[in-house]
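S.K.: coords below, sequence missing:
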């Protein structure tokens with residue numbers, strides 16, 4: 001027995017000697033992440049590389065095959081490019097030993113770390129060394145404290161992440177820019193990286209994009225136009241200026257203008273001087289960020305110079321909310337695109353261009369439902385472009401006239417204030433009388449509906465119209481009951497009214513006026529038109545006052 005025991009011991013020693021002289025092809029792994037609370041990046045990466053390289057050099061059985069560096073990647077998961085490359089090299093038997101500075105550099109997810117160290121590496125005959133933690137898989141099983149260290153590493157990462165996010169939130173609420181790259185049209189202030197300055201060349205492109213869109217050009221058409229002209233898209237522009245920028249929206253490193261790029265720019269509040277941040281939230285360091293609704297964003301107004309004025313911005317937002325079809329800017333331009341619809345079915349009207357007997361081109365609109373599916377679903381509601389244009393022109397010029405007359409009245413208010421007060425009382429009586437008539441009409445249509453004289457659809461249409469009129473009359477009474485002079489002045493001080501007064505009489509309707517003033521155009525049979533304005537309640541007050 002003693003001899004057998006001694007022989008077994010000798011055999012065991014012989015095995016250890018053979019293993020210790022095995023040649024190791026080494027891969028050193030380096031990781032750095034701001035969320036880990038590390039030092040300056042270059043210093044930390046350099047220190048790790050120097051320490052690991054020196055360690056490998058001092059082991060006579062080691063040969064350094066490759067260095068794997070994940071700079072700026074969290075340790076809470078293993079979705080890291082160079083970590084994946086290292087695993088590929090292990091699968092291809094290029095390396096059989098992994099050396100890291102400490103366990104936290106390898107990873108902070110203790111379950112994932114355990115999977116690699118206790119299953120994957122042993123199954124693939126990989127030696128693992130963590131220098132600072134005094135871990136070497138060749139020397140035996142991992143010590144009992146290793147899982148505890150992994151747990152602490154993960155909790156440390158979570159704690160640091162919470163602190164970093166808290167600091168970021170504070171900056172966001174203060175209106176400080178915390179992004180890695182400034183949005184297209186801006187650059188970071190060299191003296192304060194949390195402030196933005198206008199970058200004039202791309203800013204001019206932003207202005208042009210908004211103008212093209214408001215002139216009736218669709219987002220796809222805009223992107224094609226910019227690509228034809230060879231204008232660099234935001235990603236390409238940043239790279240040209242030496243920024244190490246990657247865009248998750250790009251596919252296969254293609255850099256050109258797209259529909260989505262144009263859409264994001266048109267809806268980005270940063271261009272009117274507002275800082276919008278905190279658009280997504282991550283529950284913890286292991287979960288993916290989820291988009292938040294608009295009312296939960298962190299929005300701070302007027303933090304930097306605007307590229308787009310608010311009136312232009314608001315007009316663009318009105319268009320973005322509409323279900324507009326793509327317009328071919330060279331073949332099928334319509335100043336009413338996105339605004340004109342069938343008054344019965346609600347579908348967009350289709351534009352048709354045809355030649356008259358005289359050889360001249362004429363344009364008309366027809367219900368989209370009728371054009372696609374015929375009379376079984378809706379009526380044609382055909383109407384010529386000139387008729388719509390004429391109705392709107394006359395209406396707008398009447399509004400301008402009323403505004404101009406009101407402005408004259410305000411200028412004389414101080415001299416005729418007693419008369420004005422009498423006029424106010426008379427107007428309140430008139431409006432109350434009109435309000436009582438609307439109430440009777442509402443009761444009447446309900447009775448007609450109950451008795452089957454009108455349909456449910458007709459009842460709803462009448463009811464909606466009457467309720468809109470009621471709202472206008474109620475607002476008019478409120479206006480008249482207040483200090484009429486100051487309230488009228490407030491009404492006249494609005495930007496859209498100032499803009500109309502500057503224009504004066506409108507002789508030609510264009511896309512800009514349509515976008516600024518109109519909300520919708522509904523077309524009914526027999527050339528009946530219902531125009532809804534963006535400032536409809538103010539316009540209705542002007543009409544009721546009958547200035």
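M.R.: Received the coordinates, thanks. Since we're looking at a predicted model, the values are computed, not measured.

S.K.: Could you use CA atoms for every contact and neighbour count after this?
M.R.: Fine.

S.K.: if I read this right, residue 72 contacts residue 44, doesn't it?
M.R.: No. Counting by Cα atoms under 8 Å, residue 72 stays clear of residue 44, with 11.3 Å between them.

S.K.: With neighbour numbers in mind, choose between these two.
M.R.: More crowded of residue 72 and residue 44, by other Cα atoms under 10 Å: residue 44, with 17 against 14.

S.K.: pLDDT on the host helix or strand of that one, on average?
M.R.: Assigned by DSSP states H and E, residue 44 falls within helix 41-57. Mean pLDDT, helix 41-57: 80.

S.K.: Let me see the residues that make contact with that helix.
M.R.: Outside helix 41-57, the residues within contact range by Cα atoms under 8 Å, 6 or more residues apart in numbering are 26, 28, 30-32, 38, 62-64, 71, 99-101.

S.K.: Residue 219: which of the residues you listed is nearest?
M.R.: Of all the contacts of helix 41-57, residue 71 has the smallest distance to residue 219: 37.1 Å, by Cα to Cα.

S.K.: contacting residues for that closest one?
M.R.: Going by Cα under 8 Å, 6+ apart, residue 71 touches 30, 31, 32, 33, 41, 45.

S.K.: quick check, nearest of those to residue 472?
M.R.: Lowest distance from residue 472 to the contacts of residue 71 (Cα to Cα) belongs to residue 33, with 59.5 Å.

S.K.: Return the distance of that closest one relative to residue 108.
M.R.: Distance of residue 33 to residue 108, given as Cα to Cα, to the nearest Å: 11 Å.

S.K.: Would you list the buried entries among the contacts of residue 71?
M.R.: Buried members of the contacts of residue 71, counted by 16 or more other Cα atoms under 10 Å: 30, 31, 32, 33, 45.

S.K.: Which elements pack onto the helix or strand containing residue 436?
M.R.: Using DSSP H and E, the element containing residue 436 is helix 417-450. Identification of packing neighbours for helix 417-450 by 3 or more Cα pairs under 8 Å, 6 or more residues apart in numbering; DSSP states H and E yields helix 456-481.

S.K.: Which secondary structure elements does the helix it packs on sit against?
M.R.: Applying 3+ Cα pairs under 8 Å, 6+ apart, one finds that helix 456-481 contacts helix 417-450, helix 536-545.

S.K.: Which of those helices has the lowest mean pLDDT?
M.R.: Averaging pLDDT over each of these singles out helix 536-545 as the lowest, with a mean of 66.

S.K.: hang on, isn't residue 224 packed against residue 256?
M.R.: No. Using Cα under 8 Å as the test, residue 224 is too far from residue 256 to be in contact (9.2 Å).

S.K.: pLDDT below threshold where in the stretch 251-400 of the chain?
M.R.: Low-confidence segments of the stretch 251-400 of the chain, defined by pLDDT under 70: 251-255, 278-292, 294, 322-333.

S.K.: What about residue 46, how many residues nearby?
M.R.: Neighbour tally, residue 46, other Cα under 10 Å: 12.

S.K.: quick one on the thing from earlier: just send the buried ones among the contacts of residue 71 back as a markdown table, with distance to residue 340 and secondary structure too.
M.R.: Shown next, in a markdown table, are these (distance: Cα to Cα, whole Å; DSSP: H, G, I helix; E, B strand; the rest coil):
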| residue | distance to residue 340 | secondary structure |
| --- | --- | --- |
| 30 | 61 | strand |
| 31 | 58 | strand |
| 32 | 56 | strand |
| 33 | 54 | coil |
| 45 | 61 | helix |
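
S.K.: In terms of helix, strand or coil, where does the nearest residue to residue 224 once chain neighbours are set aside fall?
M.R.: Among residues not flanking residue 224 along the chain, residue 257 sits closest, at 7.3 Å (Cα to Cα, 6 or more residues apart in numbering). Following DSSP: H, G, I helix; E, B strand; the rest coil, residue 257 is assigned to coil.

S.K.: what's near enough to touch residue 257?
M.R.: So residue 257 contacts 223, 224, 226, 227, 232, 233 (Cα under 8 Å, 6+ apart).
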